[in-house]
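A.B. asks: any chance you could fold what I've pasted below:
(one chain, ligands or ions: 1)
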Amino acid sequence: MTTVTQETITGLAARAVGVTKAYGAGAAAVTALDDLSVDVQRGRFTAIMGPSGSGKSTLMHCLAGLDTVDSGEVWIGETRLTGLNDKGLADLRRNRVGFVFQQFNLLPTLTAEENITLPLAIANRKPDPAWFDTVVDAVGLSDRLTHRPSELSGGQQQRVACARALLPKPDVIFADEPTGNLDSRSGNEILGFLSRSVEQFHQTIVMVTHDANAAAYADRVIFLLDGRMVHELHDPDAEAVLDTMKALDTFDSR
Ligand SMILES: Nc1ncnc2c1ncn2[C@@H]1O[C@H](COP(=O)(O)OP(=O)(O)OP(=O)(O)O)[C@@H](O)[C@H]1O
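C.D. replies: Here you go, the predicted model:
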């Protein structure tokens, strides 16, 4: 079995080591992650791409402590998730990771400000007022804080979700198709905000996407196929990402 020492994870925001995860049993079993190892560098924007069914969501869920692995190890910073009990995992999700979902997942009865501060309120933490103002300014929501989600456009709702994820300064923000429900202009605004939060605030972001344009905002794109990491690109443009996706269509990882 592969093991990781404290020293080897310094500088990494998250890590999967020899992770295997299958769904179902017997003849119906599907191997979603197949002895997969991947490092996520701190303060970087990493995109995960790959064909449908390649294991992107499963990897993200396992890295974020939303799902368990069958074997191998998962780390967030210097915490080994694969050794935590349910309470430890819940604490980690509450205090160490942030999420941005395709469907925004805002609470409809709360204002934008209440949605943004909700994770801190749940964790019994108070937002730092200066940092709150910085985050709200960065997403351009200063004049929308009293609005409820139904009074905001899709792009504005996703900006609320981004601010909500960023405010607690989590070790990692996991973004699952964050632009999947947006037109290209609103999508590019969200992607611009995510990449600026990496550059200016040194936030670590991991984003699952199908969109080559979205992936091109990342510092690094990793490509999955059949639950394995088969390729990576650094500072790619959309064309290079598309070319790789086309090549994967004809590539068999096994
Ligand atoms: N809860 C589940 N039960 C059974 N099989 C599952 C489950 N979740 C995922 N799988 C299977 O595991 C494999 C990987 O799925 P996963 O959702 O991680 O892929 P993906 O790359 O995110 O796909 P997509 O791009 O379509 O969202 C697929 O074959 C999928 O059918």
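
A.B. asks: for the rest of this, base every contact and every neighbour count on C-alpha atoms.
C.D. replies: OK.

A.B. asks: could you say which helix or strand holds Met60?
C.D. replies: Using DSSP states H and E, Met60 sits in helix 56-63.

A.B. asks: for this protein, which segments count as helices?
C.D. replies: Here the chain has its helices, by DSSP state H, at 56-63, 86-95, 112-122, 129-138, 154-166, 184-201, 212-215, 238-249.

A.B. asks: so which of the ones you listed gets nearest Gln103?
C.D. replies: When the helices of the chain are compared for distance to Gln103 using CA to CA, the nearest one is helix 154-166, at 8.3 Å.

A.B. asks: can you give the distance of the closest one from its chain's centre?
C.D. replies: Its chain's C-alpha centre and that of helix 154-166 lie 14 Å apart, by CA atoms, centre = their mean, to the nearest Å.

A.B. asks: now for it, which elements pack on it?
C.D. replies: Contact here means 3 or more CA pairs under 8 Å, 6 or more residues apart in numbering; DSSP states H and E; on that basis helix 154-166 packs against strand 97-101, helix 112-122, helix 129-138, helix 184-201.

A.B. asks: dump the residue contacts of the residue most central in space within the chain.
C.D. replies: With distances taken as CA atoms, centre = their mean, the residue of the chain nearest its centroid is Phe174 (1.7 Å). Shown in contact with Phe174 (CA atoms under 8 Å, 6 or more residues apart in numbering): 60, 64, 97-100, 205-207.

A.B. asks: next one: Thr68
C.D. replies: For Thr68, the contacting residues are 21, 62, 82, by CA under 8 Å, 6+ apart.

A.B. asks: between those residues, which is closest to the ligand?
C.D. replies: Of all these, the one with the least separation from the ligand (CA to the nearest ligand atom) is Lys21, at 8.5 Å.

A.B. asks: the closest one contacts Gly72, doesn't it?
C.D. replies: No. Counting by CA atoms under 8 Å, Gly72 is not a contact partner of Lys21; they are 9.1 Å apart.

A.B. asks: what about these two, which has more around it?
C.D. replies: Remark: of Lys21 and Gly72, Lys21 carries more neighbours, 22 against 18, as counted by other CA atoms under 10 Å.

A.B. asks: got the buried residues for stretch 136-152?
C.D. replies: Buried residues in stretch 136-152, defined by neighbour count with 16 or more other CA atoms under 10 Å: 136, 139, 141, 144, 148-149.
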